[in-house]
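Undergrad: Build me a structure from this.
(chains A, B and C)
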Amino acid sequence: MSTTHSPYAHGPASVRATMFRVLAALVPALAVLVWYSQGAILLPLVLSSAACLALEAVCLKLRARPWRNDGSALLTAWLLTLCLPVVTPWWLVLTTALIAIVFAKHLYGGLGQNPFNPAMAAFCVAIVAAPGIMAQHLPPHAMSTLEQIRIILGLDAREVLDGIASATPLNALSNALHHDDTHAADFADTLATPLALICAYALGGLWLVRARIIDWRTPLVFLATLFLLATLPWWIAPARYPSPLFHLLHPSTMLAAFFILTDPVTGCTTARGKCLLAACAALIVWLIRSHGAYPDGIAFSVLLMNFCAPFIDLHTQPKAFGHER
Amino acid sequence: MQPAPYSFPGGIHPETHKALTREAAIAPAPLPAQLFVPLQEKGRAPGRIVVRAGERVLKGQKLAEPADALGAAMHAPTSGEVRAIAPHPLAQADGGEGLCAHIVPDGKEEWTPHAPFDLQSATHEAALRHLRDSGIVGLGGAAFPSHIKLGDGHQIHTLVLNGAECEPWITCDERLMREQATAILRGAQILAQLAGAAEIRVGIEDNKPEALAAMEVASAGQANVQVFSVPTRYPAGGEKQLIESLTGIRIPAGRYGPQYGVQCFNVGTAHAVARAIDHGEPLISRVVTLTGAVRRPANVEALIGTPIADLLALAEPENNVTRTLLGGPMMGVALPNLAAPLPKHGNCLIAASDALFPPRPAPSPCIRCTACAQACPQRLQPFELYWFAHARAFDKLARYRLFDCIECGACAWVCPANLPLVDYYRFAKDAIRTQERERRAADSARERFEWRSFRLAREKEEKAARLKARAAETLSQMNNEGAPPDAGSADKQALIAAAVARAAAQKAAAETPPPPTEEPPQP
Amino acid sequence: MGIVLATLVVVSLAALLGGALGLAAVIFRVEGDPLVERIDAILPQTQCGQCGFPGCKAYASAIAEGRAEINLCPPGGEAGVRALADLLGREFKPLAGDGADKPKTIAHIDEQQCIGCTLCIQACPVDAIAGAAKQLHAVVPQLCTGCELCMSPCPVECIHMQAVPAARPWPYPVFALKQENA
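TA: Numbers count the residues shown, from 1 in each chain, chains lettered A, B, ... in the order given. Below you'll find the model as predicted:
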């Protein structure tokens, strides 16, 4: 007797294809970072990818689940690499991989069951545990490849990299704000914004929107809310608050809008929910960037909204066909 | 011809595979060596059988009367001898059996007397009864009796004629529209008249330009008929979806078209209605698409009750066929037994090979990508339904409108994780219905038990009261007769007297055979 | 002084909240014992007495008062025990006795043998048998709970239990998320 039931036809979609398309969308950004870092980023990228894949395999084995090669572990590794500073020491790269794959993903039940974005959870742990290292975002072309690799491998004894690694625009801005520097905004504007990276993120993200892998609402609402939130205070007190362009043109803003907040597992599923989640995330990002102690609020904002996603879903259920409520 | 004025949410674009059979004109299938006419529609009680084994039946002779309000008659598809009336495998996924009339045709095709039905002078009830007696049911897939869908002739203002045929592979409706457009519209006019509908809207998917043109030509001069082209998107031919596309009316689960002034009929049903009224011919045959991995894909007019294997043989299946589907790939069923007969709702047979229908890859966990929600034509959240059905959280499923699901399969088609979503919904629906039935039975048992306990208690009280009255009577008799006993023991005396009286009565009763009593045993 | 003030504040807060709680208990008091009703709602209402109590309601109150275990109801089956365990927060126990879930049956009276004695009618807890003295009795199949209480009173042993054709439930979809040989 036949054990299968209709439908007997299946469309072309698969989880693996979806994940690999997201990975493909990240390639332009990675290429730009390779250029910025003069190739040094390939080391943490390979390190993180290998660690995540190995840990995924071990976890699946321990949990007696088949190895599916669905690309989800690789995606986590890539997102982690993009978030961490290039000159993150190897042990921190491995630790974040461990936290992301084992603690944030498989201890919660693996793919599809994790309430928090694994990459963001690991990033948050890193930023809380090692704030000094996490602040070492290098400006483009700041250091030679060899020097960066020596730092990553722990061969360079320098604890802090001041002088060479100037803080990121946001770090600088944050410092300036907390020291009542009235020229904070000007200072931020004059810093070279890594335009190429932003364009690369946007390019990949828009391709995903066009391929209908991510919903257009999330990036649109997130960016628009951030822009509006930043505009009013800046308009009233331009010396105290950075310009909205500064918020939008930050690489992590773009990364979050197109690749982090759009994670289906940890985000909202209803159209209204997606809009609400994106708007709230923008609010938290703006609050942390403007008033918080941490230089950037993306990761915390994403985790906080991951918390709220099931609740938002519950209260934004659409009306079924023909029903009044 | 004009584009449909409204649209429906969701939907998918599977490959249609209709080119295989769309140019295959309808040809009559040869008379099979034997027929097994099912005497019930799917999932309903068998009708009252009006022939006997061994009897000779004529073509169109009634075999079974409808058993209940939700039935329609069954007829002999050709003349011949009824060999047996016995259980036979039916064309269902579970391979279940049902009562079938086993008829061996004599090849004479001798018709039972029949005559056109005079619609003009007949009452509404008589016309509906004629449709029921002609065995007219929906040929689109649900096999729901048409006379019930028509209602009382007052509620419906718009009749939707469903020629969308959105399921892949199937072309039987398309061929019928191209070849019999006039008869279809004649049937639609009859249905509209019986329903009291002022307007007929025909919906056809825009991948059938010839059918659209044929219907347009045939409808010329019929002012109340409008032909609409519907964008090709599965499930555009779902009853609710087509009604929304053509009228903008959305019918939720548990409601029916007439409550909203609209009703939907399949083009094949309209054609059968025209045959039943204008020629007096009951529904004994239908058009079936034979396709899939076959050497001679075809559209044939086959007798109801023809064994599936005989029909399939006409198309000459390839050697690599692994299973046979009745209906389309989205909502059809894989037949476990090809001896099963063609039912009235059997619109298509697909010889499925692994090349055409690759086995479903192993499912992986849901990643909540919401592709299913975007594809759902009923605007449900299939992944949430899957989640709750998987956890057997049945109370949640009602809140997420499980029963609005039409099982169209669009969600499972798009699912990147390959989850058998519809199977979960069928499981949950079945489990919830069973639970509900058991709960109702338990409630009724509880009520009856409580009522009985109450009744027993009341009878006991009444008996006690009667006894007391009788004792008082005895006491007063004794008082009248002789010396009054001391007042303190008066009650006791009375009781004893009553007991004596009762014992005597029982003794007297014991001498005659014990009279059965409906009263409960005395305590 | 500070300590006195703090103590006073805490004490008055406690008094206030305690009073509010007490008031709420009076205002929102639940009439009757809903627990018995809720247990009774889970029991299958066969009224068969296999639990040792006269009827489902009696068993329900016995459970509510802690006089009875939750695994005494064979017609409720394992699912019933689980539902009771969930409701009462008790540990699940396998069914007492042989513990197997029996298929549902209903009583059937052999028309040839029935002498019309009405004993089964009196025994039926849910009034599911129709008939009168010296008349043929018949079980109303829709109402019969399959409790078998009518079988032993019958003097001519003309009552038999017949299995109800089991509705084939749609199977729970099973697919291997785990590896076969793990």
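Undergrad: okay, B:G488: pLDDT?
TA: Note on B:G488: pLDDT of 52.
Undergrad: Flag every residue of chain A that's near chain C.
TA: A:A64, A:R65, A:P66 (CB under 8 Å from any CB of the partner chain). All C-beta atoms are positioned from the backbone trio N, CA, C, and that covers glycine.
Undergrad: which SS state does the last one fall under?
TA: Translated: A:P66. coil (DSSP: H, G, I helix; E, B strand; the rest coil).
Undergrad: What distance do you get for it to A:P118?
TA: Separation of A:P66 from A:P118 (CB to CB, to the nearest Å): 20 Å.
Undergrad: One more: B:R44?
TA: Where A:P118 is concerned, B:R44 sits at a distance of 53 Å (CB to CB).
Undergrad: Of these two, give the one with the bigger neighbour count.
TA: A:P118 (31 against 17; other CB atoms under 10 Å in any protein chain shown).
Undergrad: didn't that one look like it was pressed against A:I101?
TA: Yes: A:P118 is in contact with A:I101 according to CB atoms under 8 Å; the separation is 6.6 Å.
Undergrad: what's the overlap in contacts for these two?
TA: A:T76 (CB atoms under 8 Å, 6 or more residues apart in numbering or on different chains).
Undergrad: Now do the contacts for the most centrally placed residue in chain B.
TA: Central residue of chain B (CA atoms, centre = their mean): B:F144, 5.4 Å from the mean position. Going by CB under 8 Å, 6+ apart, B:F144 touches B:V137, B:G138.
Undergrad: Kindly recompute the last result at 10 Å.
TA: Shown in contact with B:F144 (CB atoms under 10 Å, 6 or more residues apart in numbering or on different chains): B:E41, B:R44, B:L70, B:A72, B:V137, B:G138, B:E239, B:T269, B:H345.
Undergrad: ok, now C:E111?
TA: C:L136, C:H137, C:A138, C:C158.
Undergrad: Check what pLDDT whichever residue of the stretch 201-325 of chain A sits closest to chain B gets.
TA: Of all residues in the stretch 201-325 of chain A, A:G322 sits closest to chain B, at 3.5 Å by CB to the nearest CB. pLDDT recorded at A:G322 is 76.
Undergrad: How many residues are close by it?
TA: Using other CB under 10 Å as the criterion, the residues surrounding A:G322 number 20.
Undergrad: interface residues of the stretch 201-350 of chain B facing chain A?
TA: Within the stretch 201-350 of chain B, the positions near chain A by CB under 10 Å from any CB of the partner chain are B:234, B:240-241, B:243-244, B:249-255, B:260, B:322-325, B:327-337, B:350.
Undergrad: can you count the residues close to the nearest residue to A:D215 once chain neighbours are set aside?
TA: Nearest non-adjacent residue to A:D215, counting by CB to CB, 6 or more residues apart in numbering or on different chains: A:K274, 5.7 Å away. The number of residues packed near A:K274 is 28, by other CB under 10 Å.
Undergrad: now B:G54
TA: When neighbours are counted by other CB under 10 Å, B:G54 registers 9.
Undergrad: Same question for A:K61.
TA: By other CB under 10 Å, the residues close to A:K61 number 13.
Undergrad: now the helix or strand harbouring B:E125: mean pLDDT?
TA: Using DSSP states H and E, B:E125 sits in helix B:124-133. Averaged over helix B:124-133, pLDDT sits at 91.
Undergrad: residue contacts, the spatially closest residue to B:C408 that is not a sequence neighbour?
TA: Nearest non-adjacent residue to B:C408, counting by CB to CB, 6+ apart: B:P235, 4.4 Å away. Listed by CB under 10 Å, 6+ apart, the contact set of B:P235 reads B:8, B:10-12, B:164, B:166-167, B:241-242, B:328, B:330-331, B:377-378, B:406, B:408-410.
Undergrad: Just give me the neighbour total for whichever residue of chain A sits closest to chain C.
TA: Closest to chain C within chain A is A:A64: 3.3 Å, counting by CB to the nearest CB. For A:A64, the neighbour count with other CB under 10 Å is 12.
Undergrad: what do you get for B:L194?
TA: 23.
Undergrad: can you tell me the helix or strand for it?
TA: Counting by DSSP H and E, B:L194 is found in helix B:172-195.
Undergrad: ok, then the element right after that helix?
TA: strand B:199-205.
Undergrad: Okay, now the sheet partners of that next one, with direction.
TA: strand B:158-162 (parallel), strand B:225-230 (parallel) (DSSP bridges).
Undergrad: What residues does the closest residue to chain A within the stretch 351-500 of chain B make contact with?
TA: Taking CB to the nearest CB, chain A has its nearest neighbour within the stretch 351-500 of chain B at B:G409, 3.3 Å off. B:G409 makes contact with A:5-10, B:12, B:14, B:167, B:234-235, B:328-332, B:375, B:421-422, B:425, according to CB under 10 Å, 6+ apart.
Undergrad: Identify the residue nearest it in space, chain neighbours excluded?
TA: Using CB to CB, 6+ apart, the nearest residue to B:G409 is A:P7, at 3.3 Å.
Undergrad: burial measure for that neighbour, as a count.
TA: 29.
Undergrad: residue ranges with poor pLDDT in the chain?
TA: Defaulting to chain A. Counting by pLDDT under 70, the ranges of chain A that qualify are A:1-3, A:157-193, A:324-325.
Undergrad: The chain in question should be chain B.
TA: Along chain B, the model assigns pLDDT under 70 to residues B:42-43, B:481-493, B:506-523.
Undergrad: how's it carved up into domains?
TA: Here the domain parsing of chain B from automatic domain parsing is B:120-281, B:360-470.
Undergrad: Which of these sits closest to A:Q38?
TA: domain B:360-470 (36.2 Å; CB to CB).
Undergrad: Residue numbers of the stretch 51-200 of chain A in contact with chain B?
TA: So the stretch 51-200 of chain A meets chain B at A:R65, A:P66, A:R68, A:D70, A:S72, A:G109, A:G110, A:L111, A:G112, A:Q113 (CB under 10 Å from any CB).
Undergrad: Please pick the buried ones from those.
TA: Using 16 or more other CB atoms under 10 Å in any protein chain shown as the burial test, these include A:R65, A:R68, A:D70, A:S72, A:G110, A:L111, A:G112 as buried.
Undergrad: which residue sits closest to the residue positioned nearest the centre of chain C, ignoring its sequence neighbours?
TA: Closest residue to the average C-alpha location of chain C: C:L43 at 1.3 Å, with CA atoms, centre = their mean. Leaving aside its sequence neighbours, C:L43 sits nearest to C:C56 (CB to CB, 6+ apart; 4.2 Å).
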